[in-house]
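Visitor: one predicted model, sequence on top.
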Amino acid sequence: MRYFFIFLFVFKCSCVLAQGSVKVTNVEKGWANNSVNVTIFRKNSLVSFRNTQYVAFYDDSANVVIGKRELDEGKWQLRRTGFKGNVNDAHNVICIMVDGAGYLHMAWNQHNNHLHYCRSVSPGSLTFTEEMPMTDIHEDKVSYPEFYKLQNGNLIFLYRDGGSGHGNLVINSYDIQSKKWIQLNGNLIDGEGERSAYWQACTDSMGTFHISWVWRETPDVATNHDMCYARSTDGGKSWEKSTGEKYDLPITAATAEYACHIPQNSELINQTSMFADAKGTPFIVSYWADPGTTIPQYHLIYKQQKNWQVYNTAFRHTAFSLSGMGTKHVPVSRPQIISWIKNNKQHAAIIFRDEERGNKVSAALCEDLDKMKWNVLDLSSQDEGSWEPSYDTELWKKKYRLDLFVEKVIQVDAEGKGSIGPQMIKILEWKP
């Protein structure tokens, strides 16, 4: 076994901020000279199973650190594993998920390289197996690993096979009974050698798996365009449009359902988030600049009855432009979207960071999507640098409590590196 064992027991006091039911608990200091610990496409940075919550991050020496605590406690048990990552590349995130049998799965250090994957040796354990393959198929050029849990406790694993502008979306499935992975599709969304899909996905309470994506023609982020959609009601085996029309696989630019047409050079960002409510209604959030303006705004795309709707929140005031390759320093974060029913009204919140608001953890809250009135509030009082939101998706589904992974980091353009040193990782808990 190639591990060294260091158990850290960390207890930090919690504090209640001014914005109602917000609580912050410290974890430990982590790497902060770029955004590798806090990019939005971490699925997940935090994850709960029953009454235990898990966390994963890189420390300042690029070690993968895994931890757990009992929910509602401030005491974290942290373990520095023998795994390391190339933290100089902000793409190389750590992703974790707990399956229905209680095993913790982890992928890390992925950007056009061979798959790095392992799982815990037993349910609830912070000790992992050796690094292992999943299926040994299309595992040499892996990027953007993401885990999702289905209602039956099985897992879905998504990743891109190939490079930016010419990559395909691979989908694997894990069975908790056999403890084996199979590849459901090695090319779910086909870029046809001319483009690649940058996606966001979610599962809903009925077991439907939703995915949406933008197309990118080249490694230049300015070539992002359009927003497409697909869903699966059988664990990723077959796919259909929001109308129920079956897809012939793989999905291509010609056959995809377009939820919203957005041209290239619109400052459209890739890899944001989506959510589906108890009725299976999909909500997608992203930012781009509408024609005639240079100010990118957060937009909500959602299905209402038979039609896709697009709503511009329009509360931002500062222009910026996206162009070039690699991870960008951007004055706003990519957004997260959550939604819930309260008092028979559809509520929603967009979680984000913006230099306009001092780079705080902020939320745009709507208490009735039929009226689309948004109230923007800050959930923190500190400057979090280049932070982007990721959260405990399973805890939100279970308790409607939003636990955000927060760390102040500095991101420099084109995989540049800051010099702020390790920063405290915090869990911000909010009950909207």
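Guide: Looks like it arrived, so ask away.
Visitor: which SSE is the closest residue in space to Ser196 that isn't next to it in sequence in?
Guide: The shortest distance from Ser196 to any non-neighbouring residue, by CB to CB, 6 or more residues apart in numbering, is to Gly167 (3.8 Å). Heads up, the C-betas are built off the backbone N, CA and C, glycines and all. Gly167 is part of strand 166-175, with elements assigned from DSSP states H and E.
Visitor: can you list the strands that that strand pairs with?
Guide: Using DSSP bridges, the strands paired with strand 166-175 are strand 155-163 (antiparallel), strand 180-185 (antiparallel).
Visitor: re earlier: hmm, the residue nearest to Ser196 is touching Gly191, no?
Guide: Yes: under the criterion of CB atoms under 8 Å, Gly167 makes contact with Gly191 at 6.0 Å.
Visitor: what sits in contact with each of the two?
Guide: Common neighbours of Gly167 and Gly191, counting by CB atoms under 8 Å, 6 or more residues apart in numbering, are Ala197.
Visitor: and the strands in the stretch 201-350 of the chain?
Guide: Along the stretch 201-350 of the chain, counting by DSSP state E, counting those that start in this stretch, strands occupy 209-216, 224-232, 257-260, 273-276, 282-288, 297-304, 307-312, 336-342, 345-352.
Visitor: how about low-confidence regions in the stretch 301-432 of the chain?
Guide: Residue ranges of the stretch 301-432 of the chain with pLDDT under 70: 324-328, 414-416.
Visitor: and with 80 instead?
Guide: Within the stretch 301-432 of the chain, the ranges that satisfy pLDDT under 80 run 323-329, 413-418.
Visitor: for it, which segments are assigned as helices?
Guide: Here the stretch 301-432 of the chain has its helices, by DSSP state H, counting those that start in this stretch, at 393-399.
Visitor: what of the stretch 1-150 of the chain?
Guide: Under DSSP H, counting those that start in this stretch, the stretch 1-150 of the chain gives no helices.
Visitor: quick one: the residue nearest to Ser196 from Asn187, how far?
Guide: 10 Å (CB to CB, to the nearest Å).
Visitor: now swap in Val121 and tell me
Guide: 33 Å.
Visitor: same check on Leu402?
Guide: Distance check for Leu402 against Asn187: by CB to CB, it reads 35 Å.
Visitor: the two: which has the busier surroundings?
Guide: Using other CB atoms under 10 Å as the criterion, Leu402 and Asn187 rank with Leu402 on top: 23 against 19.
Visitor: wait, what's in contact with the more buried one?
Guide: Ile338, Ala349, Ile351, Tyr391, Asp392, Trp396, Glu429, Trp430, Lys431, Pro432.
Visitor: ok, of those, which come out buried?
Guide: Buried by 16 or more other CB atoms under 10 Å: Ile338, Ala349, Ile351, Tyr391, Asp392, Trp396, Glu429, Trp430, Pro432, out of these.
Visitor: closest one to Thr313 out of the residues you listed, please.
Guide: Ala349 (11.6 Å; CB to CB).
Visitor: that closest one pairs with what?
Guide: Residues in beta-bridge contact with Ala349 (DSSP bridges): Ile338, Leu365.
Visitor: ok, it - contacts?
Guide: Ile337, Ile338, Ser339, Ala363, Ala364, Leu365, Cys366, Leu402, Pro432.
Visitor: distance to Asp378 added to the residues you listed, as a markdown table?
Guide: As requested, those are exported to a markdown table (distance: CB to CB, whole Å):
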| residue | distance to Asp378 |
| --- | --- |
| Ile337 | 18 |
| Ile338 | 17 |
| Ser339 | 21 |
| Ala363 | 8 |
| Ala364 | 11 |
| Leu365 | 11 |
| Cys366 | 16 |
| Leu402 | 14 |
| Pro432 | 13 |
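Visitor: now, the most widely separated pair of those?
Guide: Across the contacts of Ala349 (CB to CB), the longest gap, 15.0 Å, separates Cys366 and Leu402.
Visitor: picking that back up, and the residue nearest to Ser196, how many neighbours does it have?
Guide: 25.
Visitor: if I look at it, how far off is Gln177?
Guide: 32 Å.
Visitor: again, but for Gly193
Guide: 38 Å.
Visitor: how about Thr135?
Guide: For Thr135 relative to Gln177 (CB to CB), the value is 17 Å.
Visitor: which one's more surrounded, these two?
Guide: Between Thr135 and Gln177, counting by other CB under 10 Å, Thr135 is the more crowded of the two (17 against 10).
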